[in-house]
Structures are given as C-alpha cells and as structure tokens.
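> sequence first, then the predicted structure, then my questions.
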Amino acid sequence: MRADIPTDRFNAMDELWQDVKYALRSLRRGGALIAIAVLSLAIGIGANTTIFSAVDVFMLRPLPYPDSHDLYIVFTTNSERGWSQVDFSVPDLVDLRERCQTMSIATGDNSSFNLSEGDRPERLGGGVVSTNFFDVLGDQPAIGRGFTAEEEVVGRHRVAVISDGLWRRRFGGSPDILESAVLLDGEPHTIVGVMPPGFWYRTPGLDILVPLAISGEESRNSHYIDVLARVNDGFTRGQAEDEVASIAAQLAAEYPETNAGNGAALMTLHEETFGEGFETGTLISSIAVLFVLLIACANVANLLLTHAAGRDREVAVRTALGAGRIRIVRQFLTEALIVATAGAVLGLGLSVFGIRGLISVMPGWFPRVSEIGLNPRVLMFTAAVAVLSAVLVGIAPAIQATKPNTVEALKEGGRGGTAVRGAKLRKALVVGEVSLALALLVSSALLVRGFVNLRLADRGFDESDVLAFRVSLPQPDYPDTVAAVAFHEELQERLTSLPGVRAVGATSILPLQGNSGTYYWLPGDEIESDLQRKVTNWLDITAGYFEAMDIPLVRGRGIEDSDRMNSHPVIVINEAMAQRHWPDEDPVGREIIFYSGSREIVGVVANTSVSNSSLGVQPMVYFSALQDDDRNLGWVIEADVPLETLVEPVRAEVGAIDPNIPAYTIRPLRAIIDESLGGDTIMAKIMAVVALIALVLALAGVYGVMAYSVSQRRQEIGIRMALGAQNGDVVGMVMRQGTLLAALGVAVGVAVAFAMARGLSFFLYGVNAFEPLIYSMVIVAMFAASIAATFFPAIRATQVDPIVALRAE
C-alpha cells in the first residue's frame with residue numbers, strides 16, 4: 001500500500017521539477033551565450049579544484065601515521081648563536097630519551113647507501129633510525145619486524161628494513177626476502193623487514209632503513225641528528241615543551257662548554273614536513289584561483305543578466321498570473337545552478353589536466369605529490385564551489401528580474417527595462433574583473449621577475465658545459481685515507497683523459513645541494529666557549545675544482561695535487577672571508593684555527609653562492625679533500641662535447657676502478673640547479689598560468705559588456721549619426737566608456753595588488769614587492785588590452801544604419 005505523501009511536500013517537489021524543466025528550456029534558448037557561461041565557470045571551478053587537490057594533500061590531510069597530531073620534531077635552540085631549528089647531537093639525544101617522561105623520543109635521519117647486489121651497484125635513499133623509531137612513528141613493517149634495542153650498538157647494527165618498492169623492483173617481491181644478506185656501503189646487512197606500500201617519512205624515496213649505531217664517543221658539538229617525538233597519553237604539548245626546555249637547561253648546566261645557552265623547541269611533524277614555503281605557497285595559490293573564480297562568476301553574471309534582459313515580458317506575464325517574487329527568484333537561481341553544475345562537471349574534466357600539469361612542475365623531492373588527485377573531499381569541495389558560484393552568478397539576474405514595470409513590459413513594443421536597470425551592475429562587475437586580473441598580473445610579474453633574478457643571477461661560477469655526479473666510498477672497502485685518496489686520484493686521472501674534457505674537480509657538496517658550517521678562530525683570540533668562536537661555510541675540494549667551475553683566483557694559489565695528508569695543512573678562502581678579517585691586508589700566509597688544527601691561507605678566490613639557493617654571499621673556506629678523510633664527493637667535469645655523451649663513459653670509468661661503486665645523480669649541473677630551485681620557482685609558474693587565465697576572462701568580460709552596451713544603444717547611436725555624428729565620434733564615445741571602466745578597474749586593482757604583494761615577499765629574490773617598473777608595465781598592458789577589447793565593439797557601433805535605427809525608434 002502506497003504511503004500518503006504530504007500535499008505541501010508534493011507541491012513543493014512538483015514546483016521544483018517545473019522550475020528545472022522551465023530552466024532547461026530557457027537555457028537552451030540562450031545558445032552560445034549559455035555555452036560561454038558554462039565554459040567560463042568550468043575554467044574557474046577547474047582551477048580551484050586543481051589547487052585544492054594540492055591543498056588537501058599538503059595542508060588538510062593528516063600525515064599517514066596513527067594520531068599524527070601527537071608527533072613532533074624537537075630542535076636545539078640558542079639565541080646567542082642564532083639557532084632556532086638546529087639538530088641534536090647524539091649525546092644530547094641519548095640524555096633526552098632517558099630523561100623525558102612526557103614524550104617518547106626517537107630519531108629518523110635521512111641518509112643514502114650504496115647497494116652492491118648483483119651486477120648493478122645502485123645508490124639508494126634511506127634513513128638511519130633509532131631502534132624505537134617504528135614504535136614512535138606508529139608505522140610497522142608489513143613483513144618481518146623492526147629493530148631491537150640490541151641492534152643500536154656498534155657491531156650489532158648490520159640489519160636493514162627495506163621499502164616495498166625496492167623489494168619488488170630489486171628482489172622481485174621474493175617471499176624469502178627475510179634474512180637475506182645485502183651489501184650496504186660495503187658491509188653485509190640482513191634484511192629483517194619490508195615496509196608497507198607507500199611508506200614515507202618527511203621525504204619520498206626511503207628505500208633502506210638501518211639502525212643508528214651509538215658508540216658512546218660521539219661529540220656534543222656535532223649537531224646532525226633529527227629528533228622525532230610523540231607526546232605520551234595523558235600529557236599535552238605545553239607540558240612536553242616545558243619538560244624539554246627543562247632538560248635542555250639541565251644539560252647546559254652539566255656541559256657548559258658545549259651546551260651553554262642551549263634550549264629546545266617543538267614543531268609538529270606536519271609543520272616541519274610542510275613548512276612555511278608550502279603554507280604560504282598554497283595560501284597564495286588559493287587566493288589566486290579564488291580571484292579567477294570571482295572573475296568567471298562576474299563574467300557569467302553579466303551573461304545571465306544579458307540573457308534575462310529580454311525576458312521582462314515573460315516575467316511580467318508570470319507575475320500577472322500570480323507568480324510571487326520568491327518563485328521568480330527561485331526560477332533564476334535554478335537556471336544559475338544548472339549552469340554552475342554543468343560548469344562543475346566540465347571543470348572536473350579540466351582539473352584532471354590541471355592536476356597533471358601541477359604535478360609535472362613539482363620537484364621530485366616534494367612529499368606526497370603522488371597523492372594529489374580527485375577524491376571524495378575534493379569532489380565535495382567542487383560541489384560546494386558550484387553551489388556558491390550559482391548563488392553569485394544567479395542572484396543579480398534574479399533581483400533585477402523581480403523589479404520590472406509590469407505595465408510597460410506587457411506593451412507589445414516595450415523595451416527591456418532589466419537591461420537599462422542592469423547597466424550599472426554590469427559595469428561594476430567589469431571593474432571588479434579588471435581589478436582582480438590586474439592584481440594577479442602584478443603578482444605573477446613579481447614572481448616571474450624574482451624567478452629570473454634567482455635563476456640567472458651571477459653566482460660566481462659557470463654552470464654551463466659542466467656535468468656533475470657523486471661517488472660515495474664505503475668505510476669497510478676504503479678503511480683509511482690512503483685508500484680513499486688513491487681512488488680519488490685515479491678517478492680524476494681517468495676522467496681528465498676522456499675526450500673533450502677540459503677540467504675535472506670534486507667537492508664535498510655540489511652547488512645548491514646544501515651547506516656545511518664550522519667554528520673557527522684566529523691566533524690570539526681568547527676563547528672560553530663556542531659562543532666566542534666564529535662560524536663560516538666550508539667545502540672540501542680537489543685540485544681542478546676552481547678550473548672546472550670557472551671560479552677566478554684573486555690572490556695566491558688554489559688547492560693543488562700536492563696538498564695531501566702528510567703535507568702542510570692549507571686552505572683557500574673567498575673574498576668575503578678576507579674582507580671580514582683582513583680588509584686592507586693580504587691574507588695569504590695568515591693562519592686560521594679549526595678544531596682539526598691550524599691551517600695556512602694559500603689563496604683567495606672570488607665570491608660564489610654555491611651553498612644554498614639565496615643570492616647572498618657568505619664567507620667560505622675551501623679545504624683540500626686529500627688532506628681530509630672525505631669519502632663522499634661530488635665531481636664536476638667541464639667539457640666541450642655534448643654532456644650526454646659523457647654519462648656512460650663516466651659510469652664505465654668509476655666501475656673500472658671498483659665495480660661495487662655506483663656513479664649516481666649523473667646529470668648536467670644546470671639540471672641539478674634547476675631541480676634545487678624547484679620549490680622557489682613553482683609559484684612563479686602557477687601564478688603565470690593563473691594570471692593569463694584571469695586576463696583572458698577579464699578581457700572577455702570587457703568585450704562582452706561593451707558589445708552589449710553598443711547593442712542596447714543602437715537607436716541612440718543611429719540618432720547621433722543621423723544628426724551628423726561621424727564614425728570617429730561614435731568610436732570615441734564607445735572607447736571613452738571602455739577606457740573609464742578599465743581606469744576604475746586598474747585603480748582598484750593596484751590597491752589589491754599592493755595587499756597581495758606583502759604576502760609574496762617569501763618568494764621574491766632581488767625584486768621589491770612594490771617595484772614601480774613592474775606595476776607601470778602591467779598597468780600599461782592592462783589598459784592596452786582593455787582598449788583592444790573595446791575597439792571591436794566600437795567599430796561595430798559605426799556600422800549602425802541610422803534609417804533602420806530611426807524606424808525602430
């Protein structure tokens with residue numbers, strides 16, 4: 001038996017269905033106009049869906065660990081030394097782990113390993129972790145086990161947990177993988193576990209995890225250990241912060257020579273993984289695509305106002321037959337919702353391509369990039385944007401349509417009162433479009449200019465025609481400096497003999513791949529603690545490095561082949577270091593003291609910016625790699641042949657010396673620098689695309705409004721021409737109107753751009769956020785584009801036939 005449906009509900013559903021059917025018929029009559037409206041909204045909604053898919057992954061989605069909000073990274077701080085986020089030393093880590101009650105303490109430090117298995121040596125990313133790392137993180141191996149406390153002791157640490165990807169790629173997913181032996185950095189390790197698919201920690205590409213081996217002889221001055229902490233049940237973050245600060249104070253009192261002034265601070269693991277750059281970048285990108293959506297909505301609102309302009313008679317008839325204002329408004333909102341729904345569906349299709357493009361410009365070291373895509377939360381966001389868009393684009397036509405003069409509208413020849421009353425609103429919408437587009441163009445121009453400055457800046461070396469790669473020598477196979485030096489010397493000799501090679505050198509850190517700092521002091525300095533020592537950047541290099549990088553020698557000599565372990569210890573400094581201590585003297589022959597002993601300055605080279613992505617110049621000291629026990633070197637080869645032709649010969653020469661040593665990350669130095677700057681330049685790429693879309697939509701809006709204005713003023717223009725107005729007069733009249741709208745939009749847009757520029761400073765290099773030249777160029781370009789968009793309707797206005805116009809009047 002059919003249940004009775006309440007009459008009111010049935011009537012409401014029936015009316016809604018009638019509204020939908022009527023809206024579909026009305027929109028079908030709109031033809032191309034409605035198609036353009038759908039496309040405009042699709043672009044705006046698609047752009048927002050694309051960016052939100054990244055925001056969802058980077059900012060909103062919790063990390064893939066149980067109760068991830070309780071996970072923190074603990075940093076060492078020291079205001080006197082300028083430390084805000086410095087790693088722990090191993091002894092400080094051990095003390096913190098033993099004393100802390102509010103948190104469980106572990107460590108997980110990124111590293112890499114030579115895997116010598118079969119005939120394919122490979123360098124793999126991984127980590128060195130404490131044995132309780134998996135317990136603290138809350139993610140256990142899917143196969144096998146994690147590490148035991150006994151395996152944290154030197155000599156018992158030769159076990160490994162591998163990634164699911166490595167297990168399948170290198171070992172064929174063998175079920176007998178557990179207890180298999182592999183050579184890692186020349187030492188046999190037993191595989192005891194395999195992590196679940198998709199496991200990552202802070203960065204992608206963790207293929208091998210090994211336990212941290214603590215000897216008990218580590219220095220409290222060596223800060224290189226990341227501390228992972230989980231707040232224990234029953235405690236809060238505030239209590240944890242108080243306790244780690246108290247423990248840091250205890251250690252400072254117990255070990256004043258190394259820990260004086262040291263404190264400790266917490267940062268959530270999510271904040272540390274997705275830092276300020278991610279947060280600021282996603283916020284700015286979200287605002288930018290919101291502007292695009294607003295521009296699209298303004299466009300569509302204008303189109304729907306145009307569509308509604310000829311419907312005064314229809315609305316008047318429905319009103320005369322008893323339709324109330326709410327019913328009329330609902331009808332127009334239903335039409336807007338249908339347009340927005342169609343735009344959302346098409347926008348989802350566009351977002352698929354947008355997401356692919358977004359992923360393609362993201363550096364490989366960005367975490368969770370593979371997770372970006374459409375999912376239920378993104379689809380809900382798209383639906384919400386569609387509803388919001390429907391309200392934004394439908395409310396203006398709905399309100400305008402409910403205010404007709406019914407008597408005039410019912411006259412056979414009555415002209416659209418809605419069109420007349422909506423003119424000011426249309427112009428206001430165009431002003432808004434122009435202002436938002438200009439703000440995006442300014443922001444994009446600032447970011448692109450900053451990117452150009454960053455990428456093309458003179459860093460003091462020549463990256464062109466340079467091939468770079470790395471080689472790491474494992475301690476068991478190269479137990480002393482003599483063995484390591486012999487490998488480096490033979491490799492340099494072999495590489496130098498390759499056809500087309502002009503110069504070969506090596507360095508401890510390739511350009512823009514990081515930096516290393518060290519304490520130093522000068523003879524005669526009275527030093528009582530580290531706080532009184534100075535800090536400088538440093539690199540280990542071999543002979544030939546300055547030549548391969550085209551770094552000019554200013555005074556003295558560079559590092560030479562004769563600068564080896566048993567020779568007099570020497571260094572080369574840069575001009576910034578010389579200026580710091582000997583601004584008016586020759587520093588060659590002077591001494592600088594390090595923890596490893598005193599070194600004589602034998603040369604001064606030009607300043608370079610090799611240690612990080614910033615453009616600033618910092619003091620630098622170059623040591624001889626042959627005088628230090630450096631087994632991990634990056635090689636640079638300057639050549640006058642295509643660099644790709646050297647890749648296989650380089651691998652062959654390394655393998656000829658030791659078949660278990662891989663040459664890895666072989667690529668042009670230019671490509672390495674591009675990848676290093678990827679996080680700094682992605683905003684410029686995103687904003688450039690978004691600004692271009694906004695410009696096209698805004699110009700379409702200007703063109704549409706001016707074209708519609710001309711169509712509504714045909715009689716007026718015809719009368720003017722009948723009374724003697726020339727074509728130039730008509731063009732000038734229309735152009736003045738378009739120029740005025742553009743001027744108002746530019747004025748508002750400059751104010752909006754100023755506000756946005758404040759948030760862009762994080763991404764700007766060598767450019768003022770309020771650069772007058774950029775603002776001027778964008779304003780001129782916006783005016784020119786707006787005038788061009790107005791010109792065609794103005795020309796069309798001159799084609800009005802005065803006789804036809806007067807007859808219609």
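Looks like it arrived, so ask away.

> now stretch 338-346: average pLDDT?
Per-residue pLDDT over stretch 338-346 has a mean of 91.

> ok, now which ones touch the residue nearest to the spatial centre of the chain?
The chain has residue 679 as the residue nearest its centroid, 4.5 Å off, counting by C-alpha atoms, centre = their mean. Residue 679 makes contacts with 277, 363, 366, as judged by C-beta atoms under 8 Å, 6 or more residues apart in numbering. C-beta coordinates here come from the backbone N, C-alpha and C atoms, glycine included.

> right, and the second one touches residue 675 too?
Yes - contact criterion C-beta atoms under 8 Å: residue 363 and residue 675 qualify, at 5.7 Å.

> which of the contacts of residue 679 are buried? Put it as a ChimeraX command.
Per 16 or more other C-beta atoms under 10 Å, the buried members of the contacts of residue 679 correspond to this ChimeraX selection:
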select :366
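
> and the contacts of residue 679, which is closest to residue 657?
residue 363 (32.0 Å; C-beta to C-beta).

> quick check: the closest one is in a helix.
No - the assignment for residue 363 (DSSP: H, G, I helix; E, B strand; the rest coil) gives coil, which keeps it out of a helix.

> which residues lie in contact with the closest residue in space to it that isn't next to it in sequence in this structure?
Leaving aside its chain neighbours, residue 363 sits nearest to residue 678 (3.2 Å; criterion: C-beta to C-beta, 6 or more residues apart in numbering). By C-beta under 8 Å, 6+ apart, residue 678 lies in contact with 361, 362, 363, 365, 366.

> does residue 767 sit in a helix, a strand or a coil?
coil.

> quick revisit: kindly reformat the contacts of residue 678 as TSV containing distance to residue 254 and pLDDT.
What follows is those, written out as TSV (distance: C-beta to C-beta, whole Å; pLDDT from 0 to 100):
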residue	distance to residue 254	pLDDT
361	50	85
362	45	84
363	42	80
365	38	77
366	41	83
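
> among these, which two are most distant?
Going by C-beta to C-beta, the pair spanning the contacts of residue 678 furthest: 361 and 365, at 13.4 Å.

> need phi/psi at residue 555.
Phi and psi for residue 555, reported as degrees, to the nearest 10, are phi -140, psi 150.

> oh, that last question was meant for residue 172, not what I typed.
Phi and psi for residue 172, reported as degrees, to the nearest 10, are phi 60, psi 20.

> ok, residue 212 next?
Here residue 212 shows phi and psi, under degrees, to the nearest 10, equal to phi -70, psi 120.

> from residue 549, how far off is it?
Distance of residue 212 to residue 549, given as C-beta to C-beta, to the nearest Å: 35 Å.

> likewise for residue 250?
47 Å.

> between those two, which has more neighbouring residues?
Ranked by neighbour count (other C-beta atoms under 10 Å), residue 250 and residue 549 place residue 549 first, with 24 against 13.

> which residues sit in contact with the nearest residue to the more buried one once chain neighbours are set aside?
Once flanking residues are discounted, residue 549 sits nearest to residue 461: 4.1 Å by C-beta to C-beta, 6+ apart. With C-beta under 8 Å, 6+ apart as the criterion, the residues that contact residue 461 are 511, 549, 550, 551, 608, 610.

> which one in those is the model shakiest on?
residue 610 (75).

> please enumerate the strands of the stretch 351-500 of the chain.
With DSSP state E, counting those that start in this stretch as the criterion, the stretch 351-500 of the chain has strands at 466-472.

> residue 349: neighbour count?
Counted with other C-beta under 10 Å, residue 349 comes out at 12.

> reduced to three states, what does it come out as?
helix.

> spit out the contact partners of it.
Residues near residue 349 by C-beta under 8 Å, 6+ apart: 42, 46.

> distance of it from residue 98?
Note on residue 349: its distance to residue 98, by C-beta to C-beta, is 57 Å.

> for residue 605, same thing?
47 Å.

> hmm, back to that, which of the contacts of residue 461 fall in helices?
Under the assignment DSSP state H, those contribute residue 549 to helices.

> let me have the contacts of residue 461 in a markdown table, extended by distance to residue 756.
What follows is the contacts of residue 461, written out as a markdown table (distance: C-beta to C-beta, whole Å):
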| residue | distance to residue 756 |
| --- | --- |
| 511 | 32 |
| 549 | 39 |
| 550 | 40 |
| 551 | 39 |
| 608 | 34 |
| 610 | 33 |
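
> pLDDT weak spots in the stretch 451-600 of the chain?
Where the stretch 451-600 of the chain drops to pLDDT under 70, the residues are 528-532.

> would you map the helices across it?
481-496, 545-549, 575-581 (DSSP state H, counting those that start in this stretch).

> so which of the ones you listed is nearest residue 587?
helix 575-581 (4.7 Å).

> helix, strand, or coil at residue 622?
Put simply, residue 622 is strand when judged by three-state DSSP.

> give me the neighbour count for it.
That count, for residue 622 with other C-beta under 10 Å as the rule, works out to 25.

> who does it form a beta bridge with?
Bridge pairing for residue 622 (DSSP bridges) gives the partners residue 539, residue 572.

> wouldn't it be in contact with residue 543 here?
No - contact criterion C-beta under 8 Å: residue 622 and residue 543 do not qualify, at 11.1 Å.

> helix, strand, or coil at residue 104?
strand.
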